[in-house]
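A.B. asks: could you look at this predicted model? Sequence included:
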Amino acid sequence: MTTPKVKPITGRQKEALDFINSFINTKGYSPSLRELASLLKTDNLSTAQYFVKELESKGYIRRAHYKNRGITPVTQKRTIPLLGYIAAGEPIDPIEESEPIQVPYDIKLDRNQSYYALKVQGDSMIDMGILDRDVVLIRHQMFAADGDVVVAITENGATLKILRKNKKKMYLEARNTSYQHIYPEQLEIRGKFIGLIRHE
């Protein structure tokens, strides 16, 4: 199921949302409309229902209709820039036209680090579960260890591969037996793969 894009809420709506989240964290189940109405200092259940409907339409909760305690908070998301495309095949030039993309909170991002996202083109990494049209999440860094999945810039463009280091030279390894290793003349690391968002 796709999470709806969240919209701004009023201070009163945020108060209701905070109450719902706190109630669920404390008791393990969602509040009833009557309990929410009590927070709002009203005996009118339609007022509580209005707040629930607004929070649902703005993407902050989901509701199982016809259930007394059917409210489920939606995991909120953070935004990082989507910079374009990355090859999981032969190297291509990246398209760096930034647009925002939402990242679920279950993917850990360090506030002190910089991140970006790229859309995958190709199937050279399918054996480790990175598929064509997935969105890969990248931590920006200019270094990597042996075995890291990296965004690498070669003389032929940008590609997503496993970095391998041996005594002679670094090379880039695919995770699809149909592809050969890449032994670039020039190699720059532009980031490390930390997660993905599956294409639906």
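C.D. replies: That came through, no problem.
A.B. asks: from L33, how far off is the residue of the chain positioned farthest from its centre?
C.D. replies: Computed with Cα atoms, centre = their mean, the residue of the chain farthest from its C-alpha average is D43, at 40.3 Å. Separation of D43 from L33 (Cβ to Cβ, to the nearest Å) stands at 11 Å. In this view, the C-beta of every residue, glycine as well, is placed from N, C-alpha and C.
A.B. asks: pLDDT below threshold where in the chain?
C.D. replies: 1-7, 66, 75-77, 90-97, 105-106, 200 (pLDDT under 70).
A.B. asks: quick one, helices of it?
C.D. replies: Remark: helices assigned in the chain by DSSP state H are 11-27, 33-39, 45-57.
A.B. asks: what sits opposite the residue nearest the centre of the chain in the beta ladder?
C.D. replies: In the chain, the residue lying closest to the centroid (Cα atoms, centre = their mean) is V103, at 2.5 Å. Applying DSSP bridges to V103 gives these bridge partners: R78.
A.B. asks: any idea how far T79 is from it?
C.D. replies: V103 is 7 Å from T79, by Cβ to Cβ.
A.B. asks: what's the separation between the residue nearest to the centre of the chain and V136?
C.D. replies: For V103, the distance to V136 - Cβ to Cβ - is 11 Å.
A.B. asks: residues that sit against both of those two, list them.
C.D. replies: With contacts taken as Cβ atoms under 8 Å, 6 or more residues apart in numbering, V103 and V136 have A117 as neighbours in common.
A.B. asks: can you show me the strands along the protein?
C.D. replies: 61-63, 71-73, 77-87, 99-104, 115-121, 135-139, 149-154, 157-165, 170-173, 187-197 (DSSP state E).
A.B. asks: adding distance to S22, write these out as TSV.
C.D. replies: Below are the strands of the chain laid out as TSV (distance: least, Cβ to Cβ, whole Å):
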stretch	distance to S22
strand 61-63	13
strand 71-73	11
strand 77-87	21
strand 99-104	21
strand 115-121	30
strand 135-139	30
strand 149-154	39
strand 157-165	41
strand 170-173	48
strand 187-197	29
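A.B. asks: perfect, that will be all.
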